[in-house]
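# Provided below for reference: sequence and predicted model.
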Amino acid sequence: MYYGYGYGFDWTIILVLIGALVSGIASLNVRGTFNRYNKMMNYRGITSNQVAEHILHAAGIYDVRIERVRGNLTDHYSPKEKVLRLSDSVYGRTSVAAIGVAAHECGHAIQHQEEYAPLKLRSASVPLANIGSWVSWPVILVGLFIGSTPLAQFGIFLFTFVVVFQLITLPVEFDASARALRILEQDNILEGEEHKGATKVLKAAAMTYVAALFTTILQLLRLVLIVNGRRRD
Ligand SMILES: [Zn+2]
């Protein structure tokens with residue numbers, strides 16, 4: 001595809017490669033950490049579902065269903081449906097990793113119940129983020145194609161919605177993990193090495209969100225360079 005440099009190598013592709021590398025490392029790291037602590041069973045033999053129910057009930061939450069969802073690391077809490085979905089390697093498991101992830105998702109359910117501001121802001125910005133990720137590229141390409149810098153810049157503006165969304169996601173994710181780890185410790189669900197293991201898993205998971213933000217910022221930088229480079233032609 002022609003991005004407007006005329007000739008030679010589009011060196012801005014390096015930014016995309018760096019982003020892909022960082023995201024790849026974060027993804028491998030969370031999988032590796034999860035697998036390591038998926039082999040460490042909590043010595044009480046409590047399952048992730050029992051832990052989730054305990055945490056939800058302790059917070060006075062009785063209307064959130066726990067369901068099983070296919071895949072690996074596909075665990076999530078859906079505020080719309082009030083459903084906490086645990087993946088195959090988490091649902092009903094007794095590993096320290098599974099319990100950490102289940103407790104993290106409960107953290108989101110508690111955020112929802114408490115109307116935690118960053119979560120509300122995140123949910124509210126989903127439509128804008130979707131517009132940003134789906135519409136920005138076509139707008140930028142059309143702008144470059146017809147030689148309209150303002151249109152291309154408008155596309156970049158739309159893309160910043162994605163960056164903002166990923167930025168808002170960070171406090172939501174960090175807070176869910178902090179709540180989870182606090183409860184696991186306070187209620188003596190995980191102790192010592194078990195708690196350390198769950199902490200490592202949740203930290204690795206949090207890093208994937210940081211990596212995603214970093215990657216998107218590099219993409220934004222690349223778009224700015226391409227559109228400004230075009231303007232100088
Ligand atoms: Zn989360």
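All right, it came through fine.

# now do the top helix by length along the chain: which elements does it pack against?
Taking DSSP state H as the criterion, the chain has its longest helix at helix 192-232. Packed against helix 192-232 by the contact rule (3 or more C-beta pairs under 8 Å, 6 or more residues apart in numbering; DSSP states H and E) you find helix 13-37, helix 96-113, helix 117-145, helix 149-186. Where you see a C-beta, it was placed from the backbone N, CA and C, and this is true even at glycine.

# 6 Å - rerun?
If you count contacts as 3 or more C-beta pairs under 6 Å, 6 or more residues apart in numbering; DSSP states H and E, helix 192-232 packs onto helix 13-37, helix 96-113, helix 149-186.

# pick the most buried one from these.
helix 96-113 (a mean of 26; mean count of other C-beta atoms under 10 Å).

# between that one and helix 117-145, how big is the angle?
90 degrees (axes from the mean of the first three to the mean of the last three C-alpha atoms, to 10 degrees).

# outside of helix 96-113, which residues touch it?
Identification of contacts with helix 96-113 by C-beta atoms under 6 Å, 6 or more residues apart in numbering yields 34, 37-38, 40, 42, 48, 51-52, 55-56, 59, 61, 64, 75, 77, 79, 84, 86, 90, 119, 176-177, 179-180, 184, 194, 197-198, 201-202.

# also stretch 76-90?
With contact meaning C-beta under 6 Å, 6+ apart, stretch 76-90 is reached by 48, 63-67, 69, 71-72, 74-75, 98, 101-102, 105, 108-109, 112.

# state the distance from V163 to A129.
9 Å (C-beta to C-beta, to the nearest Å).

# now the spatially most central residue of the chain: closest residue in space, sequence neighbours ignored.
Nearest residue to the geometric centre of the chain (C-alpha atoms, centre = their mean): Y209, 4.4 Å. In space, and not counting its chain neighbours, Y209 is closest to E173: 5.0 Å by C-beta to C-beta, 6 or more residues apart in numbering.

# that neighbour and T149, how far apart?
36 Å.

# likewise for K200?
In terms of C-beta to C-beta, K200 sits 47 Å off from T149.

# same check on L141?
For L141, the distance to T149 - C-beta to C-beta - is 13 Å.

# ok, now G132?
From G132 to T149 the distance is 19 Å (C-beta to C-beta).

# do D175 as well
Taking C-beta to C-beta, one finds D175 at 40 Å from T149.

# what's across from the nearest residue to Y91 once chain neighbours are set aside in the sheet?
Using C-beta to C-beta, 6+ apart and skipping residues adjacent in sequence, the residue nearest Y91 is R68, 4.4 Å away. For R68, the beta-bridge partners under DSSP bridges are L86.
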